[in-house]
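J.: What shape does this take:
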Amino acid sequence: MNELLADLADLADRQAIADQIHRYCRSVDRLDVALGYTVFHEDAEADYGQQGYRGSGRGAIDWICAAHADLLHHMHQAGNVLIQLDGDRAGSETYVTATLRMARAGKVMQIETHARYCDRWSKRGGHWAIDRREAVIEFDAIREVTPMKSHAHARRDRGDPSYAALEIRP
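T.: Here you go, the predicted structure:
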């Protein structure tokens with residue numbers, strides 16, 4: 001019975017961390033700074049490389065959301081999540097694809113970035129959050145695209161249909 005309880009606790013911790021990874025993607029895609037803050041502990045550090053951002057984890061959320069506000073569209077997808085647990089501490093590696101669109105000189109440009117988030121986690125007060133993130137960019141590209149049609153239903157704020165579906169409240 002104790003082994004079963006330990007296995008269930010392990011699964012619950014892994015799911016909590018995976019949910020946080022997905023919340024991060026959601027926060028930067030919906031420009032939801034408050035949600036993004038919940039992914040990083042208050043004293044967390046983030047390193048997005050020499051050409052990116054280096055500083056506090058919550059500062060990274062501010063930086064990313066401010067930069068994304070000038071874009072037309074953006075979508076982050078996380079996959080291949082590997083989590084290593086050690087009590088109330090954990091490490092994870094997550095493969096991430098970010099697809100972003102922007103207007104430049106009358107053209108629609110699409111940026112694709114393929115990266116990995118190497119995160120150190122801790123569980124404090126029952127809440128899993130990142131202590132340190134190192135983003136490792138594997139490769140990226142930019143190209144001109146021709147949108148098929150306008151998709152105005154998606155929103156980058158709390159007016160997005162997903163908030164009503166998930167009943168997320170501030």
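
J.: drop to CA atoms for contacts and neighbour counts, all remaining ones
T.: Fine.

J.: so what's residue 143 up against?
T.: Residue 143 is in contact with 109-111, counting by Cα atoms under 8 Å, 6 or more residues apart in numbering.

J.: Report the distance from whatever helix or strand it lives in to the chain centre.
T.: Per DSSP states H and E: residue 143 is located in strand 127-145. Remark: strand 127-145 is offset 8 Å from the chain centroid, using Cα atoms, centre = their mean, to the nearest Å.

J.: In its sheet, which strands sit next to it, and in what direction?
T.: Counting by DSSP bridges, the strands paired with strand 127-145 are strand 40-47 (parallel), strand 107-124 (antiparallel).

J.: for the first one, the distance to its chain's centre please.
T.: Between the mean C-alpha point of strand 40-47 and the mean C-alpha point of its chain there is a distance of 13 Å (Cα atoms, centre = their mean).

J.: Packing partners of the next helix or strand after it?
T.: Next along the chain after strand 40-47, taking DSSP H and E as the criterion, comes strand 54-56. The contact analysis (3 or more Cα pairs under 8 Å, 6 or more residues apart in numbering; DSSP states H and E) places strand 54-56 against strand 40-47.

J.: Name the residues that touch the strand it packs on?
T.: When contacts are defined by Cα under 8 Å, 6+ apart, strand 40-47 is touched by residues 53-58, 60, 129-135.

J.: Closest to residue 142 out of the contacts of residue 143?
T.: Nearest to residue 142 among these is residue 111, at 4.4 Å by Cα to Cα.

J.: Around that closest one, how many other residues sit close by?
T.: Neighbour count of residue 111, defined by other Cα atoms under 10 Å: 16.

J.: can you tell me which residues contact the closest residue to residue 99 other than its chain neighbours?
T.: Closest residue to residue 99 apart from its sequence neighbours, by Cα to Cα, 6 or more residues apart in numbering: residue 112 at 4.6 Å. Residue 112 makes contacts with 97-100, 140-142, as judged by Cα under 8 Å, 6+ apart.

J.: From those residues, list just the buried residues.
T.: For these, a burial check counting by 16 or more other Cα atoms under 10 Å picks out 97-100.

J.: Give me the subset of these that lies in strands.
T.: Counted as lying in strands by DSSP state E, out of the buried ones among the contacts of residue 112, are 97-100.
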